[in-house]
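Asker: from the sequence below, what's the structure:
(chains A and B)
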Amino acid sequence: MKIVILGCGRLGERVAKKMEKDKNNTVIVMDKNSNALNRLGKDFTGQIIQADGTDMQEYTEVMKEKTDIFIALTNSDNTNIMAAEIAKQKYKASTAIARVDDPIRAKAFEELGILTFCPTTLGEKKIAKLVEDSSKKEAEAEDEE
Amino acid sequence: MKNEKDSPVEEQLFVIVVGGGKMGYNLTKLLIKEGHEVLLVEKDRTRYSELDPELGEHVYMGDAAESETLKAIGTNRANVMVAVTGDDATNLVICQMAKIMYMIPRTIARISNPRNEDIFSTLGVDAVVNTTKIVNSLIEKEVDSGMLVPVLEMKGGKVEVLETEVDSDSKLINKQIKEIKMPEDCLIVSIIREGEVVFPHGNTVIQKGDSLMVMISKQRKAELRNIIS
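Answerer: Residues are numbered from 1 along each chain as shown, chains lettered A, B, ... in the order given. Sure thing, here's the model as predicted:
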(Lines give C-alpha, C1' and ligand atoms only; values in the text may rest on other atoms or scores of the structure.)
Protein backbone atom coordinates (compact mmCIF):
# COMPACT_ATOMS: atom_id res chain seq x y z
CA MET A 1 0.00 0.00 0.00
CA LYS A 2 1.10 3.53 -0.68
CA ILE A 3 0.71 5.65 2.46
CA VAL A 4 1.32 9.40 2.62
CA ILE A 5 1.63 11.04 6.03
CA LEU A 6 1.54 14.83 6.46
CA GLY A 7 2.99 16.19 9.69
CA CYS A 8 5.96 14.66 11.42
CA GLY A 9 5.30 15.46 15.06
CA ARG A 10 5.34 12.78 17.75
CA LEU A 11 2.23 11.17 16.33
CA GLY A 12 3.30 11.41 12.68
CA GLU A 13 6.65 9.87 13.48
CA ARG A 14 5.14 6.91 15.32
CA VAL A 15 2.53 6.24 12.67
CA ALA A 16 5.16 6.44 9.92
CA LYS A 17 7.45 3.99 11.70
CA LYS A 18 4.61 1.57 12.39
CA MET A 19 3.48 1.60 8.76
CA GLU A 20 7.05 1.21 7.57
CA LYS A 21 7.41 -2.10 9.45
CA ASP A 22 5.14 -3.78 6.92
CA LYS A 23 7.48 -4.22 3.97
CA ASN A 24 4.56 -4.18 1.51
CA ASN A 25 3.95 -0.53 2.36
CA THR A 26 5.51 2.44 0.64
CA VAL A 27 5.58 5.25 3.19
CA ILE A 28 6.04 8.93 2.33
CA VAL A 29 6.30 11.52 5.10
CA MET A 30 5.80 15.25 4.47
CA ASP A 31 6.42 18.18 6.81
CA LYS A 32 7.25 21.81 6.15
CA ASN A 33 9.78 21.81 8.97
CA SER A 34 13.03 19.94 8.26
CA ASN A 35 13.78 19.60 11.99
CA ALA A 36 10.57 17.68 12.45
CA LEU A 37 11.55 15.29 9.68
CA ASN A 38 14.82 14.58 11.52
CA ARG A 39 12.75 12.73 14.13
CA LEU A 40 12.51 9.81 11.74
CA GLY A 41 16.23 9.12 12.08
CA LYS A 42 18.70 7.49 9.73
CA ASP A 43 17.10 4.06 9.80
CA PHE A 44 13.82 5.19 8.32
CA THR A 45 13.47 3.62 4.87
CA GLY A 46 10.47 5.59 3.63
CA GLN A 47 10.57 8.71 1.51
CA ILE A 48 10.96 12.09 3.27
CA ILE A 49 9.74 15.31 1.68
CA GLN A 50 10.00 18.82 3.04
CA ALA A 51 6.85 20.56 1.79
CA ASP A 52 4.00 22.84 2.84
CA GLY A 53 0.88 20.72 3.14
CA THR A 54 -1.45 23.57 2.23
CA ASP A 55 0.18 24.20 -1.13
CA MET A 56 -1.61 22.24 -3.84
CA GLN A 57 1.47 22.14 -6.03
CA GLU A 58 3.39 20.07 -3.49
CA TYR A 59 1.08 17.13 -4.09
CA THR A 60 1.39 16.81 -7.85
CA GLU A 61 4.55 14.74 -7.70
CA VAL A 62 3.82 12.88 -4.45
CA MET A 63 0.30 11.89 -5.44
CA LYS A 64 0.98 11.16 -9.11
CA GLU A 65 0.69 7.45 -8.52
CA LYS A 66 -2.48 6.47 -6.75
CA THR A 67 -2.33 6.86 -2.99
CA ASP A 68 -4.15 4.25 -0.91
CA ILE A 69 -4.05 6.06 2.39
CA PHE A 70 -3.44 9.71 3.16
CA ILE A 71 -3.09 10.75 6.81
CA ALA A 72 -2.87 14.39 7.95
CA LEU A 73 -1.47 14.75 11.46
CA THR A 74 -0.17 18.31 11.81
CA ASN A 75 -1.14 20.36 14.86
CA SER A 76 -3.45 22.53 12.75
CA ASP A 77 -7.02 21.32 12.28
CA ASN A 78 -7.50 23.47 9.21
CA THR A 79 -4.33 22.34 7.50
CA ASN A 80 -5.27 18.72 8.13
CA ILE A 81 -8.77 19.14 6.77
CA MET A 82 -7.62 20.97 3.66
CA ALA A 83 -4.85 18.45 2.97
CA ALA A 84 -7.17 15.47 3.41
CA GLU A 85 -9.72 17.07 1.10
CA ILE A 86 -7.09 17.69 -1.56
CA ALA A 87 -5.98 14.05 -1.28
CA LYS A 88 -9.52 12.73 -1.47
CA GLN A 89 -11.15 15.05 -4.01
CA LYS A 90 -8.31 16.00 -6.29
CA TYR A 91 -6.07 12.94 -6.14
CA LYS A 92 -8.73 10.33 -5.40
CA ALA A 93 -6.90 8.73 -2.48
CA SER A 94 -8.90 5.66 -1.38
CA THR A 95 -8.83 6.75 2.25
CA ALA A 96 -8.10 10.18 3.70
CA ILE A 97 -7.74 10.60 7.44
CA ALA A 98 -7.41 13.91 9.29
CA ARG A 99 -6.58 14.70 12.89
CA VAL A 100 -9.09 17.30 14.05
CA ASP A 101 -8.87 18.51 17.65
CA ASP A 102 -12.22 20.34 17.62
CA PRO A 103 -14.85 17.58 18.07
CA ILE A 104 -17.63 19.42 16.27
CA ARG A 105 -15.40 20.32 13.35
CA ALA A 106 -14.33 16.66 13.20
CA LYS A 107 -17.94 15.55 12.90
CA ALA A 108 -18.80 18.18 10.30
CA PHE A 109 -16.06 17.09 7.95
CA GLU A 110 -16.92 13.39 8.22
CA GLU A 111 -19.91 14.36 6.12
CA LEU A 112 -17.57 15.38 3.32
CA GLY A 113 -16.09 11.90 3.03
CA ILE A 114 -12.88 12.32 4.97
CA LEU A 115 -12.30 10.21 8.03
CA THR A 116 -11.44 12.16 11.13
CA PHE A 117 -10.17 11.27 14.54
CA CYS A 118 -10.31 13.64 17.43
CA PRO A 119 -7.63 13.48 20.16
CA THR A 120 -9.90 15.56 22.38
CA THR A 121 -12.74 13.03 22.32
CA LEU A 122 -10.34 10.10 22.65
CA GLY A 123 -8.65 11.77 25.64
CA GLU A 124 -11.99 12.58 27.19
CA LYS A 125 -13.16 8.96 26.88
CA LYS A 126 -9.91 7.61 28.27
CA ILE A 127 -10.02 9.96 31.25
CA ALA A 128 -13.67 9.16 31.95
CA LYS A 129 -12.77 5.47 31.91
CA LEU A 130 -9.83 5.99 34.29
CA VAL A 131 -12.00 8.00 36.65
CA GLU A 132 -14.73 5.37 36.53
CA ASP A 133 -12.24 2.56 37.18
CA SER A 134 -10.63 4.31 40.13
CA SER A 135 -13.99 5.13 41.73
CA LYS A 136 -14.99 1.48 41.30
CA LYS A 137 -11.78 0.43 43.02
CA GLU A 138 -12.47 2.81 45.87
CA ALA A 139 -15.98 1.48 46.22
CA GLU A 140 -14.65 -2.09 46.28
CA ALA A 141 -12.06 -1.14 48.88
CA GLU A 142 -14.79 0.41 51.03
CA ASP A 143 -16.92 -2.73 50.69
CA GLU A 144 -14.04 -4.85 51.93
CA GLU A 145 -13.60 -2.69 55.01
CA MET B 1 -43.62 55.38 -13.74
CA LYS B 2 -42.83 53.92 -10.40
CA ASN B 3 -40.71 56.10 -8.19
CA GLU B 4 -37.60 54.08 -7.56
CA LYS B 5 -36.87 55.93 -4.34
CA ASP B 6 -39.93 54.41 -2.73
CA SER B 7 -38.61 50.88 -3.04
CA PRO B 8 -35.88 49.76 -0.67
CA VAL B 9 -32.44 50.37 -2.15
CA GLU B 10 -31.23 46.89 -1.50
CA GLU B 11 -31.90 43.94 0.72
CA GLN B 12 -30.04 44.24 4.01
CA LEU B 13 -27.69 41.32 4.46
CA PHE B 14 -26.02 39.87 7.51
CA VAL B 15 -22.40 39.42 6.50
CA ILE B 16 -19.77 37.75 8.65
CA VAL B 17 -16.21 38.81 7.83
CA VAL B 18 -13.41 36.69 9.26
CA GLY B 19 -9.92 38.12 9.67
CA GLY B 20 -9.35 41.68 10.87
CA GLY B 21 -6.36 42.51 8.71
CA LYS B 22 -6.44 45.47 6.35
CA MET B 23 -8.72 43.68 3.92
CA GLY B 24 -11.22 42.51 6.54
CA TYR B 25 -11.22 45.87 8.30
CA ASN B 26 -11.84 47.91 5.16
CA LEU B 27 -14.44 45.49 3.87
CA THR B 28 -16.29 45.69 7.18
CA LYS B 29 -16.35 49.49 7.07
CA LEU B 30 -17.56 49.47 3.48
CA LEU B 31 -20.36 47.01 4.19
CA ILE B 32 -21.49 48.96 7.26
CA LYS B 33 -21.57 52.13 5.16
CA GLU B 34 -23.77 50.35 2.64
CA GLY B 35 -26.25 49.61 5.39
CA HIS B 36 -25.59 45.93 5.91
CA GLU B 37 -25.39 44.15 9.22
CA VAL B 38 -21.75 43.18 9.59
CA LEU B 39 -19.72 41.28 12.15
CA LEU B 40 -15.94 41.12 11.89
CA VAL B 41 -14.33 38.18 13.68
CA GLU B 42 -10.73 38.51 14.78
CA LYS B 43 -8.90 35.91 16.82
CA ASP B 44 -5.85 37.89 17.88
CA ARG B 45 -6.41 39.81 21.12
CA THR B 46 -3.99 42.61 20.30
CA ARG B 47 -5.49 43.21 16.88
CA TYR B 48 -8.99 42.97 18.35
CA SER B 49 -8.21 45.70 20.90
CA GLU B 50 -7.08 47.95 18.03
CA LEU B 51 -10.33 47.35 16.14
CA ASP B 52 -12.71 47.50 19.09
CA PRO B 53 -12.69 51.29 19.78
CA GLU B 54 -13.72 52.05 16.20
CA LEU B 55 -15.93 49.11 15.30
CA GLY B 56 -17.44 48.34 18.72
CA GLU B 57 -20.39 46.00 18.34
CA HIS B 58 -19.28 45.15 14.79
CA VAL B 59 -16.20 43.27 15.95
CA TYR B 60 -16.02 40.02 17.90
CA MET B 61 -12.99 38.30 19.34
CA GLY B 62 -12.77 34.60 18.60
CA ASP B 63 -11.53 31.88 16.24
CA ALA B 64 -14.21 31.50 13.58
CA ALA B 65 -12.93 28.02 12.69
CA GLU B 66 -14.12 26.90 16.14
CA SER B 67 -17.64 25.57 16.05
CA GLU B 68 -18.37 27.31 19.36
CA THR B 69 -17.53 30.70 17.86
CA LEU B 70 -19.73 30.13 14.82
CA LYS B 71 -22.59 29.35 17.16
CA ALA B 72 -21.96 32.34 19.42
CA ILE B 73 -21.92 34.86 16.57
CA GLY B 74 -25.23 33.70 15.14
CA THR B 75 -23.92 32.15 11.95
CA ASN B 76 -27.31 30.53 11.40
CA ARG B 77 -28.72 33.95 10.48
CA ALA B 78 -25.90 34.93 8.11
CA ASN B 79 -26.45 35.46 4.40
CA VAL B 80 -22.80 35.69 3.45
CA MET B 81 -19.57 34.36 4.97
CA VAL B 82 -16.37 36.07 3.88
CA ALA B 83 -13.09 34.55 5.09
CA VAL B 84 -10.12 36.82 4.44
CA THR B 85 -7.47 35.71 6.92
CA GLY B 86 -3.93 35.31 5.64
CA ASP B 87 -4.16 31.51 5.93
CA ASP B 88 -5.68 29.62 3.00
CA ALA B 89 -6.54 26.49 4.99
CA THR B 90 -8.37 28.55 7.62
CA ASN B 91 -10.37 30.41 4.98
CA LEU B 92 -11.34 27.16 3.29
CA VAL B 93 -12.40 25.43 6.48
CA ILE B 94 -14.46 28.39 7.69
CA CYS B 95 -16.34 28.60 4.39
CA GLN B 96 -16.98 24.87 4.38
CA MET B 97 -18.20 24.84 7.98
CA ALA B 98 -20.54 27.73 7.18
CA LYS B 99 -21.91 25.65 4.32
CA ILE B 100 -22.12 22.25 6.01
CA MET B 101 -23.27 23.28 9.46
CA TYR B 102 -25.30 26.39 8.71
CA MET B 103 -26.12 26.16 5.00
CA ILE B 104 -24.96 29.72 4.39
CA PRO B 105 -25.98 30.47 0.79
CA ARG B 106 -22.86 32.38 -0.16
CA THR B 107 -19.28 31.85 0.94
CA ILE B 108 -16.29 33.84 -0.26
CA ALA B 109 -12.66 33.00 0.53
CA ARG B 110 -9.46 34.89 0.03
CA ILE B 111 -6.60 32.86 -1.38
CA SER B 112 -3.01 33.91 -0.97
CA ASN B 113 -1.48 31.00 -2.81
CA PRO B 114 -2.75 31.09 -6.42
CA ARG B 115 -2.03 27.38 -6.78
CA ASN B 116 -4.93 26.64 -4.45
CA GLU B 117 -7.54 28.32 -6.61
CA ASP B 118 -8.89 25.22 -8.34
CA ILE B 119 -9.24 23.17 -5.21
CA PHE B 120 -11.26 25.86 -3.42
CA SER B 121 -13.83 25.86 -6.17
CA THR B 122 -13.88 22.07 -6.25
CA LEU B 123 -14.47 22.00 -2.50
CA GLY B 124 -17.60 24.11 -2.68
CA VAL B 125 -16.49 27.65 -1.90
CA ASP B 126 -18.76 29.87 -4.01
CA ALA B 127 -16.25 32.55 -4.89
CA VAL B 128 -12.58 33.13 -4.35
CA VAL B 129 -10.66 36.37 -4.20
CA ASN B 130 -7.18 35.67 -5.35
CA THR B 131 -5.20 38.58 -3.91
CA THR B 132 -1.92 37.57 -5.48
CA LYS B 133 -3.52 37.38 -8.91
CA ILE B 134 -5.36 40.67 -8.57
CA VAL B 135 -2.24 42.53 -7.55
CA ASN B 136 -0.37 40.88 -10.37
CA SER B 137 -3.08 41.88 -12.85
CA LEU B 138 -3.01 45.43 -11.58
CA ILE B 139 0.71 45.58 -12.14
CA GLU B 140 0.29 44.20 -15.65
CA LYS B 141 -2.53 46.65 -16.25
CA GLU B 142 -0.06 49.49 -15.99
CA VAL B 143 1.66 48.28 -19.12
CA ASP B 144 -1.15 46.54 -20.95
CA SER B 145 -4.27 48.58 -21.66
CA GLY B 146 -7.57 46.81 -22.24
CA MET B 147 -6.50 44.37 -19.56
CA LEU B 148 -9.13 42.13 -18.03
CA VAL B 149 -8.81 42.23 -14.27
CA PRO B 150 -10.35 39.26 -12.51
CA VAL B 151 -12.65 40.42 -9.73
CA LEU B 152 -14.49 37.31 -8.71
CA GLU B 153 -14.58 33.67 -9.61
CA MET B 154 -17.85 31.85 -9.50
CA LYS B 155 -18.49 28.27 -8.57
CA GLY B 156 -16.29 25.78 -10.34
CA GLY B 157 -13.96 28.52 -11.53
CA LYS B 158 -15.58 28.30 -14.96
CA VAL B 159 -17.26 31.68 -14.80
CA GLU B 160 -15.50 34.91 -13.90
CA VAL B 161 -16.43 38.49 -13.28
CA LEU B 162 -13.86 40.77 -14.86
CA GLU B 163 -13.30 44.48 -14.78
CA THR B 164 -12.00 46.30 -17.81
CA GLU B 165 -11.55 49.96 -18.46
CA VAL B 166 -12.58 51.59 -21.73
CA ASP B 167 -9.58 53.64 -22.80
CA SER B 168 -9.37 56.23 -25.58
CA ASP B 169 -8.48 53.79 -28.38
CA SER B 170 -11.17 51.25 -27.53
CA LYS B 171 -13.48 50.16 -30.31
CA LEU B 172 -16.42 50.29 -27.91
CA ILE B 173 -16.55 54.06 -27.40
CA ASN B 174 -19.89 55.66 -28.38
CA LYS B 175 -21.43 52.30 -29.19
CA GLN B 176 -24.72 51.10 -27.81
CA ILE B 177 -24.47 47.81 -25.96
CA LYS B 178 -26.85 46.14 -28.40
CA GLU B 179 -24.52 47.06 -31.28
CA ILE B 180 -21.57 45.25 -29.70
CA LYS B 181 -21.12 41.72 -30.90
CA MET B 182 -20.34 40.10 -27.58
CA PRO B 183 -19.00 36.54 -27.41
CA GLU B 184 -21.34 33.73 -26.29
CA ASP B 185 -21.66 33.29 -22.51
CA CYS B 186 -20.65 36.86 -21.85
CA LEU B 187 -22.61 39.67 -20.26
CA ILE B 188 -21.89 43.26 -19.23
CA VAL B 189 -23.41 43.22 -15.73
CA SER B 190 -22.68 46.79 -14.76
CA ILE B 191 -20.77 49.89 -15.73
CA ILE B 192 -18.88 52.05 -13.27
CA ARG B 193 -19.03 55.60 -14.63
CA GLU B 194 -17.45 58.45 -12.66
CA GLY B 195 -17.78 56.48 -9.45
CA GLU B 196 -21.47 55.68 -9.99
CA VAL B 197 -22.93 52.32 -10.93
CA VAL B 198 -24.90 52.25 -14.18
CA PHE B 199 -27.17 49.28 -14.85
CA PRO B 200 -26.75 48.70 -18.55
CA HIS B 201 -29.55 48.28 -21.10
CA GLY B 202 -29.31 47.61 -24.80
CA ASN B 203 -29.48 51.36 -25.46
CA THR B 204 -26.75 52.30 -22.97
CA VAL B 205 -23.87 54.00 -24.76
CA ILE B 206 -20.35 53.11 -23.72
CA GLN B 207 -18.17 56.09 -22.91
CA LYS B 208 -14.45 56.61 -22.61
CA GLY B 209 -13.29 55.97 -19.04
CA ASP B 210 -16.13 53.58 -18.24
CA SER B 211 -15.22 50.56 -16.20
CA LEU B 212 -17.12 47.52 -17.43
CA MET B 213 -17.92 44.64 -15.10
CA VAL B 214 -18.26 41.62 -17.34
CA MET B 215 -19.44 38.17 -16.38
CA ILE B 216 -17.92 35.63 -18.72
CA SER B 217 -17.27 31.97 -19.22
CA LYS B 218 -13.53 31.44 -18.85
CA GLN B 219 -12.84 30.06 -22.31
CA ARG B 220 -14.35 33.17 -23.96
CA LYS B 221 -11.82 35.60 -22.51
CA ALA B 222 -9.68 35.76 -25.64
CA GLU B 223 -12.72 36.67 -27.76
CA LEU B 224 -13.67 39.41 -25.32
CA ARG B 225 -10.17 40.83 -25.44
CA ASN B 226 -10.38 41.09 -29.24
CA ILE B 227 -13.68 42.96 -29.06
CA ILE B 228 -12.51 45.43 -26.48
CA SER B 229 -9.11 46.55 -27.70
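
Asker: alpha carbons only for contacts and neighbour counts from here, please
Answerer: Fine.

Asker: would you list every one of the helices in chain A?
Answerer: With DSSP state H as the criterion, chain A has helices at A:10-21, A:34-37, A:57-62, A:77-85, A:103-110, A:119-144.

Asker: so for chain B, which of those helices sits nearest?
Answerer: helix A:77-85 (5.3 Å; Cα to the nearest Cα).

Asker: how far does stretch A:127-145 sit from the chain's center?
Answerer: In terms of Cα atoms, centre = their mean, to the nearest Å, the centre of stretch A:127-145 is found 34 Å from the chain centre.

Asker: list the contacts of that stretch.
Answerer: For stretch A:127-145, contacts defined as Cα atoms under 8 Å, 6 or more residues apart in numbering or on different chains pick out no residues.

Asker: and residue B:71, how close does it get to residue A:54?
Answerer: Distance from residue B:71 to residue A:54, counting by Cα to Cα, to the nearest Å: 27 Å.

Asker: more neighbours: these two, which one.
Answerer: More neighbours surround residue A:54 than the other of residue B:71 and residue A:54, with 23 against 13 (other Cα atoms under 10 Å in any protein chain shown).

Asker: my guess is that one meets residue B:87, correct?
Answerer: No - when contacts are counted by Cα atoms under 8 Å, residue A:54 is not listed as touching residue B:87 (9.2 Å).

Asker: so where does the residue nearest the centre of chain B fall, helix or strand?
Answerer: With distances taken as Cα atoms, centre = their mean, residue B:152 lies nearest the centre of chain B, 5.3 Å away. Secondary structure from DSSP states H and E places residue B:152 in strand B:149-153.

Asker: show me the contact partners of the helix or strand that that strand is followed by.
Answerer: Scanning forward in sequence from strand B:149-153 by DSSP H and E, the next helix or strand is strand B:159-165. Under the criterion Cα under 8 Å, 6+ apart, residues B:146-154, B:209-218 lie in contact with strand B:159-165.

Asker: of those residues, buried ones?
Answerer: Buried subset of these (neighbour count, 16 or more other Cα atoms under 10 Å in any protein chain shown): B:146-154, B:209-217.

Asker: out of the helices and strands in the chain, which is least certain?
Answerer: Assuming you mean chain A. helix A:57-62 (a mean of 85; mean pLDDT, DSSP states H and E).

Asker: wrong one, I was asking about chain B
Answerer: Taking mean pLDDT, DSSP H and E as the measure, chain B has helix B:131-143 as its least confident helix or strand, at a mean of 64.

Asker: if we can go back for a sec, just name the most buried of the helices of chain A.
Answerer: Mean neighbour count (mean count of other Cα atoms under 10 Å in any protein chain shown) peaks for helix A:77-85 among these, with a mean of 27.

Asker: what does it rub up against?
Answerer: A:53-54, A:70-74, A:96-102, A:109, A:114, B:65, B:89-90, B:92-93, B:123.

Asker: just to revisit the earlier point, right, and the helices of chain A - which one's nearest residue B:222?
Answerer: Closest to residue B:222 of the helices of chain A, according to Cα to Cα: helix A:57-62, at 26.4 Å.

Asker: anything in that closest one near chain B?
Answerer: Yes - interface with chain B: helix A:57-62 contributes residue A:57 (Cα under 8 Å from any Cα of the partner chain).

Asker: mind listing residues that contact that helix?
Answerer: A:51-52, B:115-116.

Asker: one more: stretch B:95-112?
Answerer: Residues outside stretch B:95-112 that contact it (Cα under 8 Å, 6+ apart) are A:105, A:108, B:65, B:75-76, B:78-88, B:91-92, B:117, B:123-132.
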